[in-house]
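> sequence and predicted model, in that order:
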Amino acid sequence: MAIQKILIVDDSPTERYYLTDILVKAGFTVTTAENGEEALLKIKDDKPELILMDVVMPGANGFQVTRTIARDPELADVPIIICSSKNQETDRVWGLRQGARDYMVKPVDAELLLAKIAALGGA
């Protein structure tokens, strides 16, 4: 199934705008959430085909939300790419262990992001 609907979860308005701009120009439909709790509500309401997840956010962090999604039988098939300023190898490994399919360090490179989405079945 081709990826069309993408949910961006990030507490930074600048980051949400930057990622939305890249994805909309590439032809994707984008929704956003400012934190993990909002993301979980939106996912249950309108299931996305890919989630771009920040890590450092108020409330539940991206690792916790990723784990929640990955353990939910109805949501486990939704791939998650963590997009974080945390650039340590241990962060990347931990993110993948929580259920993320990939891990990118901010600032996110637009071409690399689109290539990763294509590898997962995107446009």
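Thanks, I have it. This one's a predicted model, so the numbers in the text were calculated from it and none came from an experiment.
> give me the contacts around the top helix by length along the chain.
The residue-count maximum for a helix in the chain (DSSP state H) belongs to helix 13-25. Under the contact criterion C-beta atoms under 8 Å, 6 or more residues apart in numbering, helix 13-25 has outside partners 6, 8, 10, 30, 32, 34, 52, 54, 83, 106-108, 110, 113-114. To be clear about C-beta, it is placed using only N, CA and C from the backbone, and glycine gets the same treatment.
> surely Asn87 meets Val105?
Yes - between Asn87 and Val105 there is a contact under C-beta atoms under 8 Å: 4.5 Å.
> with neighbour numbers in mind, choose between those two.
Val105 (15 against 11; other C-beta atoms under 10 Å).
> state the pLDDT value of the residue nearest to the spatial centre of the chain.
The residue lying closest to the centre of the chain (C-alpha atoms, centre = their mean) is Leu52, at 1.3 Å. Listed pLDDT for Leu52 reads 98.
> so what's it up against?
Ile6, Leu7, Ile8, Val9, Asp10, Leu19, Ile80, Ile81, Ile82, Cys83, Leu113.
> confidence score at the fourth one?
According to the predicted model, the pLDDT of Val9 comes to 98.
> pairing partners for it in the sheet, please.
Ala33, Met53 (DSSP bridges).
> any idea how far it lies from Gly95?
13 Å (C-beta to C-beta, to the nearest Å).
> which one's more surrounded, the two?
Higher neighbour count among Val9 and Gly95: Val9, with 29 against 26, using other C-beta under 10 Å.
> my read is that that one contacts Ala39, right?
Yes - Val9 is within contact range of Ala39, at 4.3 Å (criterion: C-beta under 8 Å).
> residues shared between the contacts of the two?
Ala33, Ile51, Met53, Val65.
> just these now: which is nearest Ala26?
Nearest to Ala26 out of the shared contacts of Val9 and Ala39 is Ile51 (C-beta to C-beta; 16.4 Å).
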